[in-house]
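# take this sequence and fold it.
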Amino acid sequence: MTPLAITLGDPAGIGPEIALKALAGAGTQAGVLLGQRAAAERALTLLPDDWILQEVESAAEATSAPNALRLIDTGPSVAAPAPYGAIAAEAGQAAYAAIRRAIALAMSGEVSGIVTAPIHKEALSAAGVPFPGHTEMLAHHAGGVQVAMMLANDEIRTVLVTIHVALRDAVALADFDANLRAIRLAHEGCLAFGIAQPRIAVAGLNPHAGEGGLFGREEIEIIAPAIAAARDEGMEVSGPWPGDTVFMQARKGQFDVVVAQYHDQGLIPVKYMGLEEGVNITLGLPFVRTSPDHGTAFDIAGTGKADPRSMSLALSQALRMAEARCQGA
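The predicted structure follows:
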């Protein structure tokens, strides 16, 4: 199996630190780092003294020593990276360059998948990047495929119908097609986890799942028909369930995954259980992609205090998924 591509994320955040720490913990052959060399060199000072960087031209190039972390320098070349904790266009540019290169390597089969460290959406915007986040840019550069975001920890999984949009826009975007697509991708994602017959719960949009139409008719006119269509395709789906209780039911083992209508409905329950314990998985791509379940943490960037557990879990999950794909090919 080819290695994973591990992007450094925003140089001003904790991304480079946790990327290096995660790769060091997993074994240097597990992946190759992609990002700005200056940012990687600065992050290296936060690791024990025995680790070194080895710049390589391709993911296939072997490590020169057991303590060497391979890096493909994706630029831009600078004397010093963006200051820690600063929202900077140059940082957004560096983060985007690494992602673009990682996607190209994954699409060509040179890497088995991608693990992305956190980026900052304002820095991306300042750099002129026309995407609000990883999920959207991955879908675009992978050929415009339909994707969904899954957040998972040891207890619950959730898939989002809408992602990085204003809440007022999410109501309109959570239509029949978006719901059915999210249900299908949730089903496929659970199969990748080894769940033979996934039990899918779909959350309602309105309080109390609309209370029979008293608080809105989206559940009756949009979500329930999407659930019925998914059942006709052979999937085990139920709902719409009230969003304030469905995750408790899932945590008790009643469901394998919850399809949530909008970003915060799905992510708050997962993140409340611990930012260091969750993994973000992009479903629908032609390659594996995972990331940690937290952001750039500008407040602790450069202190050496960044906890790499979620990044390490993302790396481990990507390795398992990539291996499963190889075996199924």
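# next, work out how far apart the residue sitting furthest away from the middle of the chain and Asp175 are.
The outermost residue of the chain relative to its centre, with distances by C-alpha atoms, centre = their mean, is Leu214 at 35.9 Å. In this view, Leu214 and Asp175 are 21 Å apart by C-beta to C-beta, to the nearest Å. Just so you know, the C-beta spots here come from the backbone N, C-alpha and C atoms, and that holds for glycine as well.
# so how far is Gly144 from Asp307?
Going from Asp307 to Gly144 by C-beta to C-beta gives 35 Å.
# looking at those two, which is more packed in?
Ranked by neighbour count (other C-beta atoms under 10 Å), Asp307 and Gly144 place Asp307 first, with 17 against 8.
# helix/strand/coil for the residue farthest from the centre of the chain?
What DSSP: H, G, I helix; E, B strand; the rest coil gives for Leu214 is coil.
# which stretches of the stretch 151-300 of the chain form strands?
Assigned by DSSP state E, counting those that start in this stretch, the strands in the stretch 151-300 of the chain fall at 157-160, 199-203, 236-241, 257-260, 279-283, 288-292.
# so for Ala91, which of those sits nearest?
strand 288-292 (17.2 Å; C-beta to C-beta).
# and the gap between Ala88 and Gly27?
Distance, Ala88 to Gly27, by C-beta to C-beta: 33 Å.
# more neighbours: which of these two?
Taking other C-beta under 10 Å, Ala88 and Gly27 do not tie; Ala88 has more neighbours (20 against 12).
# the more buried one: what's it in contact with?
Contact partners of Ala88, counting by C-beta atoms under 8 Å, 6 or more residues apart in numbering, are 12, 82, 123, 126.
# Ala97: which element?
helix 89-108 (DSSP states H and E).
# from the chain's centroid, how far away is that helix?
Distance of helix 89-108 from the chain centroid (C-alpha atoms, centre = their mean, to the nearest Å) equals 15 Å.
# I'd like the mean pLDDT over that helix, please.
Per-region confidence: helix 89-108 scores 97 on mean pLDDT.
# so what angle separates the directions of that helix and strand 288-292?
Helix 89-108 runs at 150 degrees relative to strand 288-292, counting by axes from the mean of the first three to the mean of the last three C-alpha atoms, to 10 degrees.
# how about helix 89-108 as PDB, C-alpha atoms only?
What follows is helix 89-108, C-alpha atoms only, in PDB (Å, rounded to 0.1, in the frame of the first residue of the first chain):
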ATOM      1  CA  ALA A  89      -3.200  35.400   3.300                       C
ATOM      2  CA  GLU A  90       0.200  33.800   3.000                       C
ATOM      3  CA  ALA A  91      -0.800  31.100   5.500                       C
ATOM      4  CA  GLY A  92      -4.000  30.500   3.500                       C
ATOM      5  CA  GLN A  93      -2.000  30.300   0.300                       C
ATOM      6  CA  ALA A  94       0.400  27.700   1.800                       C
ATOM      7  CA  ALA A  95      -2.400  25.600   3.200                       C
ATOM      8  CA  TYR A  96      -4.200  25.500  -0.100                       C
ATOM      9  CA  ALA A  97      -1.100  24.700  -2.100                       C
ATOM     10  CA  ALA A  98      -0.500  21.600   0.100                       C
ATOM     11  CA  ILE A  99      -4.100  20.400  -0.300                       C
ATOM     12  CA  ARG A 100      -4.000  20.800  -4.100                       C
ATOM     13  CA  ARG A 101      -0.800  18.700  -4.300                       C
ATOM     14  CA  ALA A 102      -2.300  16.100  -1.900                       C
ATOM     15  CA  ILE A 103      -5.400  15.800  -4.100                       C
ATOM     16  CA  ALA A 104      -3.300  15.400  -7.200                       C
ATOM     17  CA  LEU A 105      -1.200  12.600  -5.600                       C
ATOM     18  CA  ALA A 106      -4.400  10.800  -4.400                       C
ATOM     19  CA  MET A 107      -6.100  11.000  -7.800                       C
ATOM     20  CA  SER A 108      -3.000   9.600  -9.500                       C
END
